[in-house]
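Enquirer: just a sequence and a predicted model for now, questions to come.
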Amino acid sequence: MSAYDHVTAARANDRPTSVDYIRRIFGDSFFELHGDRRFADDKAVIGGIAELKGKPVTVIGLEKGRNLKERMDRNFGSAHPEGYRKALRLMKQAEKFHRPVICFVDTSGAYCGIGAEERGQGQAIAENLMEMMTLRTPILSIFIGEGGSGGALALAVADEVWMLENAIYSVISPEGCASILWKDSSKTAEASECLKLTAQDLFKLGVIERIIREPKDIESRLFDSLKNLIAETFEKKQAIDPERLIELRYNRFRKY
Amino acid sequence: MPDFFNFLKPKNELENQGAFAENHPYIPEELWIKCPVCKNAVLSSDLMDNHKVCPNCNYHFRIAARQRVEMTVDEDSFREMDAEMVSVNKIDFPDYEKKLKSAKLSSGENESVITGTGKICGESTVIAVMNSQFMMGSMGTVTGEKITRAFEYATVHRLPVIIFTVSGGARMQEGILSLMQMAKTSGAVKRHSDAGLLYITVLTDPTTGGVTASFAMEGDIILAEPKALIGFAGPRVIEQTIRQKLPKDFQSAEFLLEKGFIDAVVQRKDMKETLAKLIRLHTETNSGEVSDDERV
């Protein structure tokens, strides 16, 4: 598979979205929480509390929507500042109640628009990066589709970052990169290679801890194994003293 | 004919220049600089005397990092840190070495940021100044590393940090490693902040992308130069996304002030004094002591 094949797969319309992961991993235990308490409820970010093998967890996901109507409703998974602020609110709540945080990342990027700028898109992302760095509870981020730049990183300052086999994570979209490099946005395939955005590349660069294999019948087998993996990881991370945990998190990003 | 009649004699253009050159120093045209905003020509020496601000319309010209350091810190007080650090092409990005080489040549610097310690009106501080002449101030691994080290140094030595930002954002040529700098620098800012220390950012034209979405917006106090463009997405990207023209002054420093995202717009001529004043209001020696007048 070429890098561009991964890009296409990561963006495929029939790919499971955060809602699917939440439903299949946490079932009916998921209770959705809305709003950033400042401006609005951003539907590009879905968040709430759930039970994982009998223990409470905070769940946050960037949600693209599964059909056209949903996608429009959720702004195609591109969050506004209020989305990132909602995520941070839920993370702070998780810290207060000593439950771990799991983030599902799937976005082409933070939204670029007038309202987003007026309400401080840059400031909202910056605040998440800073606050997540010292959040005294475990954070795990799983890239399930697209991981577009700062808009993805704002949910990925985590103790571990995992990627689905066909997910991508990049500082700029291949289209954007191609138009800057060659003034030709159609050279997406070449740009995809240059950016080293596949799970394999990122694992080699030490940016992620784990690649999640995507079985052919993704629906049936993926979620169960993922559920076990997440539960095991949280168990290990929760055994670490919070002071040590944030020290390790700092060092994780300090090495780049 | 006696010599003094010479001035009556009609001369062609070339002869005129010759006579002029004999008695006057040659003034090359480059010394007149056209203001990109009001289009008036300004004599470069006048511009320099005016902190590189257009005397006609108050446009703040972009200035090189080194010049900014000179303008801001007390004479001979600047001690540069990590000056020798240079970027390498870790992800084999096409033509990155070439880009770096030409950036070094055009800016005379090794990277897009200069860091160090210095005094501002006698107040000790760590200072970092970004450079638009080096790949438009884009944030590569070395940029992030130098800023992180500056914060770690300031945390250990209990010093404030002042950063002048100017940046197009993350450096595409370093791929994901450039994105990681946003997290790395934010971590260092947080530790500095948790230690109770002061961080002031000064946003200058333009500050966008990954720098806006990390340390630029993390200051305890955020200042900006007049009319500086400040945003997350660049105006062209937004126009392409929403397919409409942006309102005038959108993403200007004044716009951000109105929306509540910066503390003050400060004229360049007042910047040094303002920074000194703010540092003084945060000096730790003042906090715990009670003066005789205050004792009961």
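Expert: Cool, got the structure.
Enquirer: what number of residues lie near residue 137?
Expert: Looking at chain A here, since you left the chain open. Here the number of neighbours of A:Thr137 (other Cβ atoms under 10 Å in any protein chain shown) works out to 23. In this view, the C-beta of every residue, glycine as well, is placed from N, C-alpha and C.
Enquirer: that answer is for a different chain, and I need it for chain B
Expert: Neighbours around B:Gly137, by other Cβ under 10 Å: 29.
Enquirer: show me what contacts it?
Expert: The neighbourhood of B:Gly137, defined by Cβ atoms under 8 Å, 6 or more residues apart in numbering or on different chains, consists of B:Ser112, B:Val113, B:Met130, B:Asn131, B:Thr165, B:Val166, B:Ser167, B:Gly168, B:Val211.
Enquirer: show the buried residues in these.
Expert: B:Ser112, B:Val113, B:Met130, B:Asn131, B:Thr165, B:Val166, B:Ser167, B:Gly168, B:Val211 (16 or more other Cβ atoms under 10 Å in any protein chain shown).
Enquirer: of the contacts of B:Gly137, just say which sits nearest to B:Gly234.
Expert: Within the contacts of B:Gly137, proximity to B:Gly234 (Cβ to Cβ) peaks at B:Gly168, which comes in at 7.6 Å.
Enquirer: who's in contact with that closest one?
Expert: B:Met135, B:Met136, B:Gly137, B:Ser138, B:Pro206, B:Thr208, B:Gly209, B:Gly234.
Enquirer: same deal with B:Val129?
Expert: B:Ala65, B:Arg66, B:Arg68, B:Val69, B:Thr72, B:Val113, B:Ile114, B:Thr115, B:Ile163, B:Phe164.
Enquirer: those in helices, which ones?
Expert: B:Ala65, B:Arg66, B:Arg68, B:Val69, B:Thr72 (DSSP state H).
Enquirer: neighbour-wise, which one of those leads?
Expert: That'd be B:Ala65 among these, by other Cβ under 10 Å, with 25 neighbours.
Enquirer: and it, what does it touch?
Expert: B:Glu109, B:Val113, B:Ile114, B:Val129, B:Met130, B:Asn131, B:Gln133, B:Phe164.
Enquirer: just to check, the first one is in contact with B:Met135?
Expert: By that I understand B:Glu109. No. If you go by Cβ atoms under 8 Å, B:Glu109 and B:Met135 don't touch, sitting 10.4 Å apart.
Enquirer: which stretches of chain B have low pLDDT?
Expert: B:1-30, B:284-296 (pLDDT under 70).
Enquirer: please redo it, this time with the cut-off set to 50
Expert: B:1-6, B:9-11, B:15, B:286-290 (pLDDT under 50).
Enquirer: list the buried residues in stretch A:192-201.
Expert: Buried residues in stretch A:192-201 (16+ other Cβ under 10 Å): A:Ser192, A:Glu193, A:Cys194, A:Leu195, A:Lys196, A:Leu197, A:Thr198, A:Ala199, A:Asp201.
Enquirer: just stretch A:84-95 next, same as before
Expert: For stretch A:84-95, by 16+ other Cβ under 10 Å, it's A:Tyr84, A:Arg85, A:Lys86, A:Ala87, A:Leu88, A:Arg89, A:Leu90, A:Met91, A:Ala94, A:Glu95.
Enquirer: same deal with stretch B:274-285?
Expert: Residues of stretch B:274-285 classed as buried: B:Thr274, B:Leu275, B:Ala276, B:Leu278, B:Ile279, B:His282 (neighbour count, 16+ other Cβ under 10 Å).
Enquirer: of the residues you listed, which belong to helices?
Expert: Those of the buried residues of stretch B:274-285 lying in helices (DSSP H): B:Thr274, B:Leu275, B:Ala276, B:Leu278, B:Ile279.
Enquirer: check the gap between B:Asp122 and chain A for me.
Expert: Residue B:122: Gly, not Asp. Distance, B:Gly122 to chain A, by Cβ to the nearest Cβ, to the nearest Å: 30 Å.
Enquirer: give the full set of residues in contact with that residue.
Expert: B:Gly122 neighbours (Cβ under 8 Å, 6+ apart): B:Asp74, B:Ala276.
Enquirer: which residues does the nearest residue to A:Leu197 once chain neighbours are set aside bridge with?
Expert: Closest residue in space to A:Leu197, ignoring its immediate chain neighbours: A:Ser170 at 3.9 Å, by Cβ to Cβ, 6 or more residues apart in numbering or on different chains. With DSSP bridges as the criterion, A:Ser170 is bridged to A:Gly148.
Enquirer: nearest residue to B:Ile127 other than its sequence neighbours?
Expert: Counting by Cβ to Cβ, 6+ apart, the residue nearest B:Ile127 is B:Ile162, at 4.9 Å.
Enquirer: returning to that earlier point: redo the buried ones among the contacts of B:Gly137 as a markdown table? Include distance to A:Thr8.
Expert: Compiled in a markdown table, the buried ones among the contacts of B:Gly137 are given as follows (distance: Cβ to Cβ, whole Å):
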| residue | distance to A:Thr8 |
| --- | --- |
| B:Ser112 | 34 |
| B:Val113 | 37 |
| B:Met130 | 37 |
| B:Asn131 | 38 |
| B:Thr165 | 36 |
| B:Val166 | 37 |
| B:Ser167 | 32 |
| B:Gly168 | 28 |
| B:Val211 | 31 |
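Enquirer: closest one of the residues you listed to chain A?
Expert: Within those, distances to chain A taken as Cβ to the nearest Cβ reach their minimum at B:Val211, with 8.5 Å.
Enquirer: the residue in the stretch 1-150 of chain B that chain A sits nearest to: how many residues sit nearby?
Expert: Using Cβ to the nearest Cβ, the single residue of the stretch 1-150 of chain B nearest to chain A is B:Ile91, 4.8 Å away. Other residues within reach of B:Ile91, judged by other Cβ under 10 Å, total 16.
Enquirer: which ones are touching it?
Expert: Applying Cβ under 8 Å, 6+ apart to B:Ile91 gives the contacts A:Cys194, A:Leu195, A:Lys196, A:Leu205, B:Glu174, B:Gly175, B:Leu177.
Enquirer: B:Ser214 versus that one, what's the distance?
Expert: Distance, B:Ile91 to B:Ser214, using Cβ to Cβ, to the nearest Å: 20 Å.
Enquirer: what's stretch A:166-175 in contact with?
Expert: By Cβ under 8 Å, 6+ apart, stretch A:166-175 touches A:4, A:6-7, A:9-10, A:15, A:106, A:108-109, A:143-149, A:152, A:163, A:180, A:185, A:188-189, A:191-192, A:195, A:197-199, A:202, A:207-208, A:214, B:170, B:172, B:174-176, B:178-179, B:210.
Enquirer: buried ones among those?
Expert: A:4, A:6-7, A:9-10, A:15, A:106, A:108-109, A:143-149, A:152, A:163, A:188, A:191-192, A:195, A:197-199, A:202, A:207-208, A:214, B:170, B:172, B:174-176, B:178-179, B:210.
Enquirer: so which of the residues you listed sit within strands?
Expert: A:Asp106, A:Phe143, A:Ile144, A:Gly145, A:Glu146, A:Gly147, A:Gly148, A:Met163 (DSSP state E).
Enquirer: do you know how far the third one is from chain B?
Expert: For A:Ile144, the distance to chain B (Cβ to the nearest Cβ) stands at 17 Å.
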